[in-house]
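>>> Take this sequence and fold it.
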Amino acid sequence: MATTTSARVRRAAGLRLLAVLALFNLALAAGAPPLRAQEATQAPPPRVQELLELLGDPDVQVWLAQQQEAAAAGAA
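Purely as a prediction, here's the structure:
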């Protein structure tokens, strides 16, 4: 009987620990801003901004599409 009581006490203590850890995790998550919100507030480095502008250029997009088509035709 002592073993059964001891096992119950250990199990209850383990469950309490899990509950405390879960609440702690929720508290941390609630206090932190979402990762995407943090990323959105920071401007990309100048070189990355330049790359994004180039990729948004219609002439560059046409050229990239042609390169992809040529590569697909060569692979077939």
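
>>> how close does L54 sit to R8?
Distance of L54 to R8, given as Cβ to Cβ, to the nearest Å: 67 Å. In this view, the C-beta of every residue, glycine as well, is placed from N, C-alpha and C.

>>> sorry, that was for G74
70 Å.

>>> try P45
The value you get for P45 to R8, if Cβ to Cβ is used, is 58 Å.

>>> Now do the domain split for the chain, please.
1-42, 43-76 (automatic domain parsing).

>>> Residue ranges in this structure under the pLDDT threshold?
The chain contains residues with pLDDT under 70 at 1-3, 15, 17-29, 32-40.

>>> Would you map the helices across it?
2-31, 35-41, 46-56, 58-75 (DSSP state H).

>>> what angle separates the third one from helix 58-75?
In this structure, helix 46-56 runs at an angle of 70 degrees to helix 58-75, with axes from the mean of the first three to the mean of the last three Cα atoms, to 10 degrees as the basis.

>>> Thank you, goodbye.
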